[in-house]
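**Student:** here you go, sequence then predicted model.
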Amino acid sequence: MQNAQSEYKLDVVVDGFHYLEGPRWHEGALWFVDFYTQGVYRVNDDGAAEEIVRIDEQPSGLGWLPDGRMLVVSMRDRKVMRLENDGELVVHADISEHCGGHANDMVVAPNGNAYVGNFGFDLMGGAGYEAAGLVLVKPDGSSQVVAEGLAFANGMVISADEKTLIVNELFGNKISQFDILEDGTLGERRDFANYGELGAEPDLGVRIGNAKILPDGLALDSEGAVWIANTLNQQALRIAEGGEILETVNTESEGVFAVALGGPDGKTLYMCAAPDWDEASRKAETKARMLSTQVKVAHAGTP
């Protein structure tokens, strides 16, 4: 289908799901999760999505350890699970003591360090906004908080030189970044792109109304720009450091809730699309799908 008000042609990769998240291009294939089938999926050569493993407490962020074993965030019980080579699913880390809400997205560095965000409050239960932290999970499963005061960290990438972590703040109207220190901890937060501080306003509707961007999902390209899913605003945006919006992919009546760069040349932009993020509605319907389009600048960094 042709993308309205855009040069981009959108293709449907897979459809008939509830709510897709965590897209990753790994070992020549697209991977993603569906919150409400509890499945982690890989798109095979025939275009079908194969379920690889189920996460009963709801899967989110995906990544891989240096030895190839997969890590998956288990949202509701606030754990990171590990899929062993023999297919056994085990607890890699229990991070519940560090989370103020569901565990959420994750990026796993090439050295095996995993950075995990959490909601910070009961989003689906209608609670007021509260800031949250980032948790570092080492390859041995030990964990610690390495950043605090983030407005719903959601979507993370690590630069190609492995020295910088870039993080979306979904309800913060900004994208932040941190130096990654030698021990895996983080330096001080600084802006990658900031469209206006929203303060500690607890009313989520007010925060959303005051925000220019609602950034979810994150992908880095080889020119140092990032693609974000601009969620309820129904578009994917390519943003330069400093905040200039370089490109826009409009998705018309669908929201975009995560993005990834992949494909054989790293120039396919994958977008997890759905009508909204309302849990009850998404559980009841299978209107989520994976869209893709071709872009000009290839993937960089992790994932």
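**Tutor:** Structure received.

**Student:** show me where pLDDT drops low in the stretch 1-150 of the chain?
**Tutor:** 1-6 (pLDDT under 70).

**Student:** how about the strands in it?
**Tutor:** For the stretch 1-150 of the chain, the strands defined by DSSP state E, counting those that start in this stretch occupy 11-17, 20-26, 29-34, 39-43, 49-54, 59-64, 70-74, 79-83, 89-94, 103-108, 114-118, 132-137, 143-150.

**Student:** ok, which of these comes nearest residue 165?
**Tutor:** Closest approach to residue 165 among those is made by strand 114-118 (6.1 Å; C-beta to C-beta). The C-beta positions use only the backbone N, C-alpha and C, and glycine is treated the same way.

**Student:** ranking the strands of the stretch 1-150 of the chain by burial, who's on top?
**Tutor:** Of all the strands of the stretch 1-150 of the chain, strand 114-118 has the most neighbours on average by mean count of other C-beta atoms under 10 Å, namely a mean of 28.

**Student:** what pairs with it, parallel or antiparallel?
**Tutor:** Strands that pair with strand 114-118, judged by DSSP bridges, come out as strand 103-108 (antiparallel), strand 132-137 (antiparallel).

**Student:** okay, angle between it and strand 70-74 too, please.
**Tutor:** 20 degrees (axes from the mean of the first three to the mean of the last three C-alpha atoms, to 10 degrees).

**Student:** what's the helix or strand for residue 290?
**Tutor:** Counting by DSSP states H and E, the element that carries residue 290 is strand 288-294.

**Student:** what mean pLDDT does whichever helix or strand comes after that strand have?
**Tutor:** Once strand 288-294 ends, the next helix or strand along the chain (criterion: DSSP H and E) is strand 299-300. Mean per-residue pLDDT for strand 299-300: 98.

**Student:** do you know how far the residue of the chain most remote from its centre is from residue 69?
**Tutor:** Centroid-distance maximum for the chain: residue 86 at 27.2 Å, with C-alpha atoms, centre = their mean. Distance, residue 86 to residue 69, by C-beta to C-beta, to the nearest Å: 10 Å.

**Student:** now do residue 276
**Tutor:** To residue 69, residue 276 is 34 Å away according to C-beta to C-beta.

**Student:** test my guess that residue 72 contacts residue 90.
**Tutor:** No. Taking C-beta atoms under 8 Å as the definition, residue 72 is not a contact partner of residue 90, at 11.1 Å.

**Student:** need the contact list for residue 96.
**Tutor:** Taking C-beta atoms under 8 Å, 6 or more residues apart in numbering, we find residue 96 in contact with 77-79.

**Student:** what is the nearest of those residues to residue 212?
**Tutor:** Distance to residue 212, by C-beta to C-beta, is smallest for residue 78 among the contacts of residue 96, at 30.7 Å.

**Student:** now the closest one, nearest residue through space, not along the chain?
**Tutor:** Closest residue in space to residue 78, ignoring its immediate chain neighbours: residue 96 at 3.9 Å, by C-beta to C-beta, 6 or more residues apart in numbering.

**Student:** again with residue 227
**Tutor:** With sequence-adjacent residues excluded and distances taken as C-beta to C-beta, 6+ apart, residue 227 is closest to residue 219, at 4.4 Å.

**Student:** how much space separates the one you found from residue 145?
**Tutor:** Counting by C-beta to C-beta, the separation of residue 219 from residue 145 is 26 Å.

**Student:** I'd like the contacts of residue 96 written out as CSV, with distance to residue 263 added.
**Tutor:** Below are these laid out as CSV (distance: C-beta to C-beta, whole Å):
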residue, distance to residue 263
77, 34
78, 33
79, 31
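
**Student:** of those, closest to residue 190?
**Tutor:** Nearest to residue 190 among the contacts of residue 96: residue 78, at 27.8 Å, using C-beta to C-beta.
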